[in-house]
Structures are given as C-alpha cells and as structure tokens.
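*Asks:* Fold the following for me, if possible:
(chains A, B, C and D)
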4 protein chains.
Amino acid sequence: MHARVELIAITPDAEKLIETAGRTCYDSTPKAKPNSARDFIANIIRNGHHSVLEHACATFRITEASRSFTHQLVRHRLCAFSQRSQRYVDEKSFAFVEPESIRQEPEARRLFGEFLNEAKDAYGRLQELGISNEDARFVLPNAVQSEIVISANFRQLRHIFCVRCDRHAQWEIREVALQMLRIMKKEAPSVFRDFEINEETATAHTPFWS
Amino acid sequence: MHARVELIAITPDAEKLIETAGRTCYDSTPKAKPNSARDFIANIIRNGHHSVLEHACATFRITEASRSFTHQLVRHRLCAFSQRSQRYVDEKSFAFVEPESIRQEPEARRLFGEFLNEAKDAYGRLQELGISNEDARFVLPNAVQSEIVISANFRQLRHIFCVRCDRHAQWEIREVALQMLRIMKKEAPSVFRDFEINEETATAHTPFWS
Amino acid sequence: MHARVELIAITPDAEKLIETAGRTCYDSTPKAKPNSARDFIANIIRNGHHSVLEHACATFRITEASRSFTHQLVRHRLCAFSQRSQRYVDEKSFAFVEPESIRQEPEARRLFGEFLNEAKDAYGRLQELGISNEDARFVLPNAVQSEIVISANFRQLRHIFCVRCDRHAQWEIREVALQMLRIMKKEAPSVFRDFEINEETATAHTPFWS
Amino acid sequence: MHARVELIAITPDAEKLIETAGRTCYDSTPKAKPNSARDFIANIIRNGHHSVLEHACATFRITEASRSFTHQLVRHRLCAFSQRSQRYVDEKSFAFVEPESIRQEPEARRLFGEFLNEAKDAYGRLQELGISNEDARFVLPNAVQSEIVISANFRQLRHIFCVRCDRHAQWEIREVALQMLRIMKKEAPSVFRDFEINEETATAHTPFWS
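*Replies:* Next up, the predicted model:
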C-alpha cells in the first residue's frame, strides 16, 4: 500500500439531500420519510437518473502518491484539484513511491534506490548553481511524491470508481480509487452499495455503469 | 419580489477547506492559523487563482420562479440541477409569476390574469380528453411556476453573480442571483466580500471578474 | 414528424482525426493506413476509450421544435448552444408544435388550436399596451417554436443518442435525436455504426453505453 | 524554442459558423452579409457573449514538450486530450527538454545531460530486469518529451491564451500557448484579433478577459 487517502470534507446529510433534490422532479417530497432515502437512491441508480447524485460532493487529500499517479488523476475533468506545485515548492527533500514489482526484485530495487538518490543530488546541485525550482524540477522523476486535494460530486466519484477500480486500471490509481470507495461506502452507503469489492484482486465492480 | 431562494446545503467550514486545499499548492499548510482563511482567500481572488474556490459547494432550492427563468438558469453548465418535471407532475393547479410591468398596468394585468385562467382551463380539458401530462403541458405558458434545486461550487457561483447581478440581466434571474449572493455573503464572507450590492438598482458588481 | 434538423458544420475527415489522435497514445501512428480508421475506432468503442472521440465535433441547427424540447435539450451540459431569444425577438407571429396525441383527437385539436390563437392574441395585446417582449413572453406556451444551434463532440453525441433515442425518452426529443443519429451514421459511420435503429418503434440502441 | 505546435484540424469556415449561430439568438440571420462576420464577432467579444465562440474548435498536435508541460496543460478541463502513454509506450530512446536557464550555465548543462543519460540507463536496465514499462517509467524525469493532441473550442482557447500567455505563466506552456495563438490569429483573425503579442517579452494580452 502506498498512497494515503483522507476524507477532508463531505456534504452533510448527503443522502437526504439527494433524496430531497430528486423528489423535486416528481413533486413527491411528501413521500420522503426518515428512512426513505435508501430506496429512493437505489431506484435512481437502477433507472440511470444519476444527475441527482451530483448535488453531493466529497473532498479527499491524497498524499504519498507519485507524479505518475497525479498526471493520470487530473485527466478526470469533472473534479476540482489543488496540487503541490513543483514550480513553487522546494523539492530537495522529496520522498518517492517504489512500485511493488521493483521492491520485490533486489537488483531492480538497488538500482532504483541509487537512481532516486542521484536525482535528489542533481536537483540540489542545480539549485546551488542558481537554477530556479521550476527549472530544476526537470530532473525530478515520476516516482517523486506529490500531494493533491480532489473534490468531486458523487456521480463523478461513481464514474471514477467504475474506470479506476477495474482490473485494467494502473495499480497506483486503482489503490487510491479503492481507498476512496471504501470511505464512500461508509459515508454514503446507499449511493455506493452496488459496488462490490473483490479483496483478492483489489478491484471493484457494479452492474450500474456510471 | 417573486422567486423564493433557500439554502439547503453547503460545504461545512467552507472557507477553512478552501484555505487547506489552496495551501497544498504552496506547501504552506503550517502557515494556516485560526483566522488566516480570510486573507488567504482575498489573495486567491486578487491573483486569479480561482480554481481553489471549486472545493466548496452550495445547494439552493428556488421556488415560485417561472419556467422562463429556469430555461435561462439551466444554461449555466457547471452546476447540478433537479427540476420539477412537467412530464411527470400534474400541473392542473399551477401558480404563476406576474411580471412587475404587467402588475402595474391594470389593463395588462386583467388580460394576463384572464389568459392564465384560460391556460389552466385548456390544460385541464386536455387532461379530461385523455391527453397525457407530457402533451397537455404544451399549453402551459412561460409564466407557470417551477421549482428547481441547483448545486454549484463557489467559483461557479461567483461567475453566476458576475453575469446575472449585472444590470443587463433579466429581472427575474437577477432577483434570484441577488438573493443567492446575499446568502453567500453571510455563509462565506471572505469568498464573496468583493461583490458590492447596489440596493437602489438591485445589482451587484466586483472588480474581480470570475 | 415535427422538428427539422440540419447539419451545419462538422470536423473535416473526422474519423481520420480520431485515429490520428488515438494513435498518439500508443505511439502507433506508423500503423495508420488509408482504411485503418474503421477498425481502430471499432476497437476504441469496444474498449471504452471514448475520450478519443471528443476530438471531432458536429453542429446542428434545429428548427420547428417546441420550447418544451429546448428546455430539455439544454440540460445536456457538455455542448454549446445558441438559441433564439424570447427576450430579444418579437414572437407575435410565432408558429407552434402540435403533439400527435392532440392532432388525432378532434376535440383536443380544436381546443388546442383555439388556445394557441388566444396566446398569440394576448401576446400582441400586451405589446400594444407597452409591455416589453421580455415580459410579454410570459404568456407564450411551451408549444411555441424555437430555433437552436447545438455543437457537441462525438462522445457527447453518443451519450445523447443513448439517452434520447431510448423508448423512455419524450417523443419530441427522441425524434430530434434520431434525425441527428441518421445524419451522423452517414457522416461518421465508424463512430456510430453500433447504434441500431428500430424503425418501427422509432428508437435506437447500442451495446456500448456512452 | 522547444515544443513544436501543429494545427491538425479546425472547424471549416469557423467565423461564418460563429456568426450563423450567434444570429440565431437575435433572429438576425438576414443581416448576415459576405463580410459581416468580422464586425459581428467583434461585438460578441466586446459584449461578453462568448458562448457563441464555442461552436468552433481547433485541434493541435504538440510534440517535443516535456511531461512537466503536459501535466500543466491537462489541468485545463474544457478540452479533449490524447497523450502518448508511458504505460504502453517503450520510452527507452526518449528525447528530453532542456530549460534555457540550464542550457546557458555550462556546469548545470553538463550535470543535466549526464543525469538524463543515467535516467535512460536506469530505465533500460529496469526493463532488462523484467520490470514492465508502466513501472520502469517511475524513473523517467519531467524533462522527458511527450506528445499530446489537444482539441478545444475557441472560447476555451481564448481562456488558455489569457492565462498562459501572461508573464506569470511558466515559460514552456507560455511558448506553446503563443504558438497556438499565432496560428489562431491567422485561422480566425476576427476571434483572436484583440490579443496583442509583445514579441520582446514573449507574452500576449487582451482587454477582453475570457
């Protein structure tokens, strides 16, 4: 396990809000009962009326993830992102992500570790030569850790989980997506119940594509 | 005053969240202090780093507004909407919006009132003849009231206020936008402080276009 | 058949462009052959790599469609729209859309026709009383014809066809979507081949949800 | 000059299309004349009616640009992107971008060149040890060249030019944005005329923020 995922904000009483918004369409507000959100949301997901899920949002902080990962993540365009900037931040003490396949192969691991040290060294020496952070960063490898805050509505989160918890997804983004999914299953069980997590393969799937 | 606007959800501690997300970019989290959000956000707005404002959202319920208004409102594309459906809802007892210019001209007002009654009558008679709601609604005028729930992030709200609180905006959407702005000024003063409301002209402006 | 749909712009050589963009991802440009776009695109659609389809766009002019229809259409948010404005345009000679269910029921048809005449009359009399077009339009019914120009990329068009050519879609938007689909099947057969049109039910479906 | 920018597709007769779409709003199609697009578009830009510019699109291929650059570029969310994948493509013969500040400082240049060679070496050795491309890429530095195809509508292009041709923009993305702007000024002069290029500072500005 590499990246760390932390929920830092979420729409309060999100499932009730979704029900409230959704019932506006059918003028069925009087049918809302203390426990009616679960069935209402299950229906919405089955019927493909997913726009209603957009009223609720969640914000995550992701740390100890590589720049490879963030470059993939920000390709999701219906989200808000704030990412640690390699232009403005001094990265001379960077940490890095080591892929499992490298960790398990001693020769690869030695080589990888040495190279990352050389990268750190090159970055520091460029700084000493007066090169600005925004140009010195050109030597920083993909493995360098970044930090990113992402906000997305629940419909978009479902889409991210469909695409990124699949077995074809790259391992680092799949690990992050799975952690996000686990959190969302606790926070809004009715909205994410249909995603079944396969612990063995570290994937998740739903019959209701989003 | 016609439409009613009610805040039904907002990101908790929104200004702190914006500061937290924004400081990620500069790795300046340690500089966050109990009261530092206000200045941090003022800087962000001045510098045009508005994407950080996207992490916080608000949801409004708008009622007693016309279908003219909703047709305009849903043209804003970076929002989530759930609207009372004229396909699914029986509108035989509809209420309507009366423009001020019509209200103040007795002959226009009489004519307008009579016509709206005829519209209600035509709708009801079509229903009695077995026409479905989704086809009977073809007689419903723009004046008929609708109900809509809108969610938008704070950056998009700023954009809506720039465009819709301006004197060129149509009066009904301007009234709604102004009500939303008044609410946001209370809920997130640091994010909306720069909008100055002119009570006389019922408009609002900011030097920082969004 | 009511609304008229006309293609007024499309990305030139769109399928080749999609192939060109898509092959960038795999560095497989040398594999592009004069006739390779068809298979390349079929693969992309099967694999769900639909973002590549976003590089090509089409623009349609839709006329003789009701305001009910346009209010639905503009709910698609990943498109560009330019619509005839009832604020700026004088609608005193409006044409209107008559639903089939009303057309086939003589009493409903008579009632509907008379009501539309009253609406035209009310609008004209409000104008004569000095009411501006933007306020007089409050009497205009949903049946009044509008005109709208829509631009969308091919991925979004596929989504619109999935949602709006389905049997649950409202008849007017389904008719428009089907006309758009027929045009796209001619213009970019590789991208829309998988949509099968059922002439009897006036619907269309694909196994590859978009 | 580093990155190369090539226009590979554009909406045919884009300015006429924009005029056509825009005149729909005002029902002023009869006022369109062979040479009326220029003034019509100038008005639209002055008045802030920029949504009309979304009907026209352009597609660029950008090569010989760094991964630092692409990570920034894809943060623009209202575009379509297809990028050379470091998961699928073998990068053992990568080329790289050398910042000007490094090129001009002999010691920095030597160090930078050596380090890039070590990176290439490390990548190749990881491959030989059986590490997949998607994991070996963790050693690839930001300087490694990528290739990306971007499509955007004219409104979004104006926004990119506002933000990225400014003196605060990072030099590589500013160079690319300026090249794109030069191309667009030739292809659609009425839409981009208001951007003034300052050759000395390699920046561009417009009085009409987009």
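*Asks:* Can you classify the residue in chain A that chain C sits nearest to by secondary structure?
*Replies:* Using C-beta to the nearest C-beta, the single residue of chain A nearest to chain C is A:Trp209, 5.8 Å away. The way it works is simple: take the backbone N, C-alpha and C, and place the C-beta from them, glycine included. On the three-state scheme (DSSP: H, G, I helix; E, B strand; the rest coil), A:Trp209 is labelled coil.
*Asks:* Would you quantify the distance from it to chain B?
*Replies:* Note on A:Trp209: its distance to chain B, by C-beta to the nearest C-beta, to the nearest Å, is 20 Å.
*Asks:* Then A:Phe161?
*Replies:* Note on A:Phe161: its distance to chain B, by C-beta to the nearest C-beta, is 19 Å.
*Asks:* contacting residues for that residue?
*Replies:* Counting by C-beta atoms under 8 Å, 6 or more residues apart in numbering or on different chains, A:Phe161 touches A:Ala177, A:Met180, A:Leu181, A:Met184, A:Phe192, A:Phe195, A:Ala204, A:Thr206, A:Ser210.
*Asks:* Keep only those of those that are in helices.
*Replies:* A:Ala177, A:Met180, A:Leu181, A:Met184, A:Phe192 (DSSP state H).
*Asks:* close enough to count as contact, the first one and A:Asp166?
*Replies:* Looking back up the chat, that one is A:Ala177. No - the pair A:Ala177 / A:Asp166 is not scored as a contact, 9.1 Å apart, by C-beta atoms under 8 Å.
*Asks:* Looking at these two now, which is surrounded by more residues?
*Replies:* A:Ala177 (23 against 14; other C-beta atoms under 10 Å in any protein chain shown).
*Asks:* Give me the nearest residue to the more buried one, chain neighbours excluded.
*Replies:* Here the nearest residue to A:Ala177 in space, its sequence neighbours aside, is A:Arg164; by C-beta to C-beta, 6 or more residues apart in numbering or on different chains that works out to 3.7 Å.
*Asks:* and what of A:Thr70?
*Replies:* The spatially closest residue to A:Thr70, leaving aside those adjacent along the chain, is A:Ser146, at 4.8 Å (C-beta to C-beta, 6+ apart).
*Asks:* For that neighbour, which three-state class applies?
*Replies:* Following three-state DSSP, A:Ser146 is assigned to strand.
*Asks:* check contacts around it.
*Replies:* Applying C-beta under 8 Å, 6+ apart, one finds that A:Ser146 lies in contact with A:Ala65, A:Ser66, A:Arg67, A:Phe69, A:Thr70, A:Gln83, A:Arg84, A:Gln86.
*Asks:* So what's the predicted local confidence for it?
*Replies:* Looking at A:Ser146, its pLDDT reads 98.
*Asks:* and if you look at A:Met1?
*Replies:* At A:Met1 the predicted local confidence, pLDDT, stands at 60.
*Asks:* so where's chain A shaky on pLDDT?
*Replies:* Low-confidence segments of chain A, defined by pLDDT under 70, span residues A:1.
*Asks:* need the strands for it, in chain order.
*Replies:* Residue ranges of the strands in chain A, as given by DSSP state E, are A:4-10, A:57-66, A:79-83, A:145-153, A:196-198, A:203-205.
*Asks:* Distance from the chain centre to stretch A:127-135, please.
*Replies:* Chain-centre distance of stretch A:127-135: 31 Å, with C-alpha atoms, centre = their mean, to the nearest Å.
*Asks:* Please name the nearest non-neighbouring residue to A:Asn43.
*Replies:* In space, not counting the residues next to it along the chain, A:Asn43 is nearest to A:His49; the distance is 8.0 Å by C-beta to C-beta, 6+ apart.
*Asks:* Test my guess that the one you found contacts A:Gly22.
*Replies:* Yes - A:His49 lies in contact with A:Gly22 (C-beta under 8 Å); the separation is 7.2 Å.
*Asks:* who has more neighbours, these two?
*Replies:* Summary of the neighbour comparison: A:His49 and A:Gly22, criterion other C-beta under 10 Å, with A:Gly22 having more neighbours (24 against 14).
*Asks:* How about the more buried one, nearest residue that isn't a chain neighbour?
*Replies:* Nearest to A:Gly22 is A:Val52, by C-beta to C-beta, 6+ apart, at 4.1 Å.
*Asks:* Which neighbouring elements make contact with the longest helix seen in chain A?
*Replies:* The residue-count maximum for a helix in chain A (DSSP H) belongs to helix A:106-128. Contact analysis of helix A:106-128 by 3 or more C-beta pairs under 8 Å, 6 or more residues apart in numbering or on different chains; DSSP states H and E lists helix A:100-103, helix A:133-136, helix D:106-128 as its packing neighbours.
*Asks:* Would you mind giving the ones you listed as CSV with distance to B:Glu172 added?
*Replies:* Converted to CSV, the helices and strands packed on helix A:106-128 look like this (distance: least, C-beta to C-beta, whole Å):
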stretch, distance to B:Glu172
helix A:100-103, 59
helix A:133-136, 48
helix D:106-128, 61
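*Asks:* ok, residues contacting stretch A:184-200?
*Replies:* Outside stretch A:184-200, the residues that touch it by C-beta under 8 Å, 6+ apart are A:7, A:10, A:14-15, A:18, A:37-38, A:41-42, A:45, A:53, A:56, A:58, A:154, A:157-158, A:161, A:165, A:178, A:181-182, A:203-208.
*Asks:* Could you list the domains of chain A?
*Replies:* A:4-82+A:145-205, A:98-139 (automatic domain parsing).
*Asks:* Please name the bridge partners of A:Ile148.
*Replies:* Beta-bridge pairing of A:Ile148, defined through DSSP bridges, involves A:Ile62, A:Gln83.
*Asks:* Is it correct that it is in contact with A:Thr70?
*Replies:* Yes - proximity of A:Ile148 to A:Thr70 meets the contact threshold set by C-beta under 8 Å, at 5.3 Å.
*Asks:* Need the residues touching each of those two.
*Replies:* Counting by C-beta under 8 Å, 6+ apart, the contacts common to A:Ile148 and A:Thr70 are A:Gln83.
*Asks:* For chain A, which residues are neighbours of chain B?
*Replies:* By C-beta under 8 Å from any C-beta of the partner chain, the residues of chain A that approach chain B are A:8-9, A:11-13, A:17, A:20-22, A:24-27, A:51-52, A:54-57, A:59, A:61, A:80-85, A:88-89, A:147-149, A:151, A:153.
*Asks:* buried subset of those?
*Replies:* With neighbours counted by 16 or more other C-beta atoms under 10 Å in any protein chain shown, the residues of chain A next to chain B contain buried members at A:8-9, A:11, A:17, A:20-22, A:24-25, A:51-52, A:54-57, A:59, A:61, A:80-85, A:89, A:147-149, A:151, A:153.
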